[in-house]
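In: Pasting a predicted model and its sequence here:
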Amino acid sequence: MQWSLFLLLLMGQCSFFMCHLHEYHFVNQTKNWTEAQQYCREHHTDLATVSDMTDMERLRDSAQNQDGAWIGLYSDPERNERGMWHWQWSLPGLEFNDSESRWHEEEPNDLYSLEKCVRMEIHKWLDVPCLENRKFMCYDERKQSNKRFHLIEEEMSWPQAQSYCREHHTDLVSGDQQLEDNKFKREYKSNEYEYVWIGLFRDSWRWSDGSNHSFRYWDLELFRDEDSSKKCAVTLLDGKWSSDECNKTKPFFCYGVSSMADKMILIKENMTWDDALKYCRMNHCDLVSITNPDEQRWVQEKAKKANSPYVWLGLRYTCTLGFWFWVNEEMVTYKNWVTDVPADDCDMSGAMDRGGEHKWFKKNDNEKFNFICSTCQSLC
């Protein structure tokens with residue numbers, strides 16, 4: 001890339017800034033769960049939905065002194081009778097794909113009871129009761145960690161294993177991409193004839209707004225999933241969740257759509273990276289940049305609706321200077337590459353995978369994909 005073109009690309013009209021999917025509102029009125037749901041839908045969007053630990057921390061920061069407040073999670077056991085329960089990965093934002101399943105023959109089968117968690121043997125899956133004690137595999141995506149996969153020899157129930165992985169690493173190993181990783185296979189190889197928990201589960205809990213987020217943050221000392229009389233979720237003062245009878249009255253959390261929803265738009269036209277950049281700058285503001293996990297989450301929600309396998313981002317490699325950069329002048333500090341560091345290559349730009357873990361891939365500039373523009377209405 002010529003130096004003059006590099007300077008042109010850096011002359012973005014405005015920069016995209018930190019956003020959140022939801023804005024939380026604590027309502028210090030006591031209502032039962034259904035009344036709270038109705039209030040939130042009338043005055044905001046819905047009862048609070050929580051998609052990961054970032055949301056959980058913001059929700060906790062929004063709380064006032066209270067012993068428990070409703071959130072938008074509720075139990076619907078009848079969905080199982082209607083065949084509507086579905087398997088989910090523990091790692092937030094990762095969608096389960098039936099075509100990637102590795103079930104043992106005649107599994108899943110609910111052999112002994114309602115079996116809602118998955119253990120693995122020789123890379124095959126079995127559905128089993130969640131309270132069995134087994135070894136388990138954790139996944140770690142933290143930059144300071146020099147090891148991505150960890151076999152934990154101490155045997156725990158599935159909920160305890162999930163809690164352990166989230167406290168000490170990132171989560172239980174989740175998704176086809178992790179299970180196919182050679183580093184995972186090496187870690188698991190010495191243990192492959194034993195059962196280990198992986199991050200696949202199903203439950204009766206659903207979000208009021210209909211979203212399919214798999215994130216759960218139960219207080220394992222208080223929560224009993226088999227307690228059928230307690231079908232509505234409560235967030236406690238320490239942030240952990242429990243459940244209670246839905247007719248009890250409590251304060252509650254609502255969410256509203258963040259004002260940042262208007263700052264980004266998915267363009268469902270397939271263009272080269274250069275044409276996508278020109279389109280965004282002529283019609284909106286710029287190709288979107290991602291500088292933190294919150295922006296990553298918002299962009300991937302948009303990317304899910306694309307009709308191409310990838311979406312272009314405002315991420316470009318300069319051969320002249322030898323580094324990746326965002327077109328809005330932001331440094332590439334937060335990273336979500338499919339590999340740790342993409343190999344240097346000219347005429348390459350960054351694109352996000354539409355599905356899976358929504359990782360970043362380097363793609364030839366001449367390939368044609370949908371793309372996401374930052375509109376920056378209040379800044380341009």
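Out: Good, I have the coordinates. Everything quoted here is computed from the prediction, not taken from an experiment. Numbers count the residues shown, from 1 in each chain.
In: quick one, helices of the stretch 101-250 of the chain?
Out: All helices of the stretch 101-250 of the chain, identified by DSSP state H, counting those that start in this stretch, fall at 158-168, 176-179, 182-189.
In: Of those, which is nearest Ser308?
Out: Evaluated over the helices of the stretch 101-250 of the chain, closeness to Ser308 peaks at helix 176-179, with 19.5 Å, by CB to CB. C-beta here means a position set from N, CA and C on the backbone, and glycine is covered the same way.
In: how about that closest one: buried residues?
Out: Buried positions in helix 176-179, judged by neighbour count with 16 or more other CB atoms under 10 Å: Asp176, Gln178, Leu179.
In: any chance of the helices of the stretch 101-250 of the chain in a markdown table, with mean pLDDT and distance to Asn212 too?
Out: What follows is these, written out as a markdown table (pLDDT from 0 to 100; distance: least, CB to CB, whole Å):
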| stretch | mean pLDDT | distance to Asn212 |
| --- | --- | --- |
| helix 158-168 | 92 | 18 |
| helix 176-179 | 88 | 18 |
| helix 182-189 | 86 | 25 |
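In: Phi, psi for Asn97 please.
Out: When read as degrees, to the nearest 10, the backbone of Asn97 gives phi -120, psi 120.
In: Do I have it right that it meets Asp176?
Out: Yes: Asn97 lies in contact with Asp176 (CB atoms under 8 Å); the separation is 7.1 Å.
In: Show me whatever sits in contact with both of the two.
Out: Taking CB atoms under 8 Å, 6 or more residues apart in numbering as the contact rule, Asn97 and Asp176 both touch Gly356.
In: beta partners of Cys254?
Out: Listed by DSSP bridges, the beta-bridge partners for Cys254 are His25, Leu47.
In: ok, the nearest residue to Ser90 once chain neighbours are set aside - how many residues close by?
Out: Spatial nearest neighbour of Ser90, chain neighbours left out: Gly199 (3.3 Å); criterion: CB to CB, 6 or more residues apart in numbering. Gly199: 27 surrounding residues under other CB atoms under 10 Å.
In: Could you do the one 10 residues further on as well?
Out: When neighbours are defined as other CB under 10 Å, Asp209 has 17 of them.
In: Next: His150.
Out: Neighbour tally, His150, other CB under 10 Å: 17.
In: pLDDT below threshold where in the stretch 51-200 of the chain?
Out: For the stretch 51-200 of the chain, the stretches with pLDDT under 70 are 63-66, 79-84, 111-112, 143-145, 190-193.
In: The stretch 251-380 of the chain: helices as residue ranges?
Out: Under DSSP H, counting those that start in this stretch, the stretch 251-380 of the chain gives helices at 273-283, 293-303.
In: Turn those helices into a markdown table, including mean neighbour count.
Out: Output for the helices of the stretch 251-380 of the chain, formatted as a markdown table (neighbours: other CB atoms under 10 Å):
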| stretch | mean neighbour count |
| --- | --- |
| helix 273-283 | 18 |
| helix 293-303 | 20 |
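In: right, so of these, which gets closest to Phe371?
Out: helix 273-283 (3.9 Å).
In: Convert the C-alpha atoms of stretch 176-183 to PDB, please.
Out: What follows is stretch 176-183, C-alpha atoms only, in PDB (Å, rounded to 0.1, in the frame of the first residue of the first chain):
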ATOM      1  CA  ASP A 176     -16.400 -27.100  17.300                       C
ATOM      2  CA  GLN A 177     -13.500 -24.700  16.700                       C
ATOM      3  CA  GLN A 178     -12.100 -25.300  20.200                       C
ATOM      4  CA  LEU A 179     -12.800 -29.100  20.100                       C
ATOM      5  CA  GLU A 180     -10.800 -29.300  16.900                       C
ATOM      6  CA  ASP A 181      -7.900 -27.200  18.100                       C
ATOM      7  CA  ASN A 182      -4.700 -29.300  18.200                       C
ATOM      8  CA  LYS A 183      -3.800 -27.800  21.600                       C
END
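In: Next, the closest residue to Gly239 other than its chain neighbours: phi, psi?
Out: Sequence neighbours aside, Arg60 is the residue nearest to Gly239 in space, at 4.1 Å (criterion: CB to CB, 6+ apart). Backbone torsions for Arg60, taken as degrees, to the nearest 10, come to phi -60, psi -40.
In: could you measure Arg60 against Thr170, distance?
Out: 19 Å (CB to CB, to the nearest Å).
In: Next, Asp55: secondary structure please.
Out: Three-state assignment for Asp55 (DSSP: H, G, I helix; E, B strand; the rest coil): helix.
In: For Ser90, state which of the buried residues of helix 176-179 is nearest.
Out: Gln178 (11.1 Å).
In: my read: that closest one touches Phe184, true?
Out: Yes: contact criterion CB under 8 Å: Gln178 and Phe184 qualify, at 5.8 Å.
In: who touches both of the two?
Out: Phe149.
In: With neighbour numbers in mind, choose between Arg60 and Thr170.
Out: Thr170 (19 against 16).
In: and Glu107, which of the helices of the stretch 251-380 of the chain is closest to it?
Out: Closest among the helices of the stretch 251-380 of the chain, using CB to CB: helix 293-303, at 30.5 Å.
In: what packs against that closest one?
Out: The contact analysis (3 or more CB pairs under 8 Å, 6 or more residues apart in numbering; DSSP states H and E) places helix 293-303 against helix 53-62, strand 264-271, strand 310-318, strand 348-353, strand 369-374.
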